[in-house]
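Novice: Here is my input; please provide its structure:
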Amino acid sequence: MTIEERKNVSNNIIQNLVLENRGKLSISGVLDVLSFDDQVVIVETELGLLNVKGENLRINKLSIDTSEVIVEGDISSLAYSDRDMEKKGGSLLGKIFK
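Specialist: Next up is the predicted model:
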């Protein structure tokens, strides 16, 4: 997906990521939490998959009604990937239960 296509798709979608002191991450526009442990949290958002990496990570708040998630811990990186790439390669759970 080109940058121009991404801008057109994301015009109607509002998503906020608020990182406070690398210890508390508030995410809006969340569709699902795909997996989590104390080092990686993978969140499906309206703008793609968001990978949160760090140490001692925990989900402090998960609200389906408001589409919000709060992750706390020592956050070291945030990275988006496209859902289309995940579908091409197949998800980990999809490969396990194939």
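
Novice: which one is Ser28 nearest to, not counting chain neighbours?
Specialist: Asn16 (4.6 Å; C-beta to C-beta, 6 or more residues apart in numbering). Heads up, the C-betas are built off the backbone N, CA and C, glycines and all.

Novice: Which pLDDT does the model give the one you found?
Specialist: Listed pLDDT for Asn16 reads 93.

Novice: So what does it look like in phi/psi?
Specialist: phi -120, psi 140 (degrees, to the nearest 10).

Novice: Could I get the full set of strands for this protein?
Specialist: 17-20, 24-28, 30-36, 40-45, 48-63, 68-81 (DSSP state E).

Novice: Show the contacting residues for Ile13.
Specialist: 29, 46-47 (C-beta atoms under 8 Å, 6 or more residues apart in numbering).

Novice: May I see those residues arranged in TSV, with distance to Ser35 as well?
Specialist: TSV is the format used below for the contacts of Ile13 (distance: C-beta to C-beta, whole Å):
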residue	distance to Ser35
Gly29	18
Glu46	18
Leu47	18
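
Novice: for these, which one is nearest Glu68?
Specialist: Gly29 (8.5 Å; C-beta to C-beta).
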